[in-house]
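# From the sequence below, what's the structure:
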Amino acid sequence: MRREPPRSDGREDLLIEVEVANFYPSIAVGFSMPVYEMTQSAVHVLVTHAFLRSLAELDLARSKIGVLADQP
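From the prediction side, this is the model:
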C-alpha cells in the first residue's frame, strides 16, 4: 500500500497492489496453460479487481498498528 499526496478537496488516495507468488494452478499443470489463461486466470483478475474497487466504498476502521499514519 502507498498513500498518495492529499487532493485539493482534502481526500487522500491509497494505491494497493496485490501479488500472488509461487502459485502453480493444477489446471495449468494437469490440463493446459492456454486453457487456464483463458478461463481461471481471467476470473482471478476480475474478482481481484472487484474486491479492490469495493475497498473504496468501505468505512474502514482505524489502523491498530498505524502503518499509514502521518509521519512526524
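# quick one: the helices in this protein?
According to DSSP state H, the chain carries its helices in the segments 26-30, 33-38, 40-55.
# tell me which helix or strand of this structure sits lowest on mean pLDDT?
One helix or strand of the chain scores below all others by mean pLDDT, DSSP states H and E: helix 26-30, with a mean of 65.
# related to what we said a few turns ago, nearest approach to D13 belongs to which of the helices of the chain?
When the helices of the chain are ranked by distance to D13, counting by Cβ to Cβ, first place goes to helix 40-55 at 11.4 Å. All C-beta spots, glycine's among them, are computed from the backbone N, C-alpha and C.
# so how many other residues sit close to R3?
Residues near R3, counting by other Cβ atoms under 10 Å, number 13.
# That one contacts E12, correct?
Yes. With contacts counted by Cβ atoms under 8 Å, R3 reaches E12, the gap being 6.2 Å.
# what's in contact with stretch 2-22?
Stretch 2-22 is touched from outside by 1, 48, 52, 55, 68, with contacts defined as Cβ atoms under 8 Å, 6 or more residues apart in numbering.
# Could you identify the most distant pair in these?
The span of these, defined through Cβ to Cβ, is set by T48 and L68 at 20.8 Å.
# Retrieve the pLDDT associated with the most centrally placed residue in the chain.
The residue lying closest to the centre of the chain (Cα atoms, centre = their mean) is V18, at 4.2 Å. Here, the pLDDT recorded for V18 equals 76.
# Quick one: neighbours of R2, just the number.
R2 sits with 9 neighbouring residues when counted by other Cβ under 10 Å.
# Going forward, count from 35.
With 35 as the first residue, the last one maps to R36.
# Which strand residues bridge it?
With beta bridges defined as DSSP bridges, R36 has these partners: L49.
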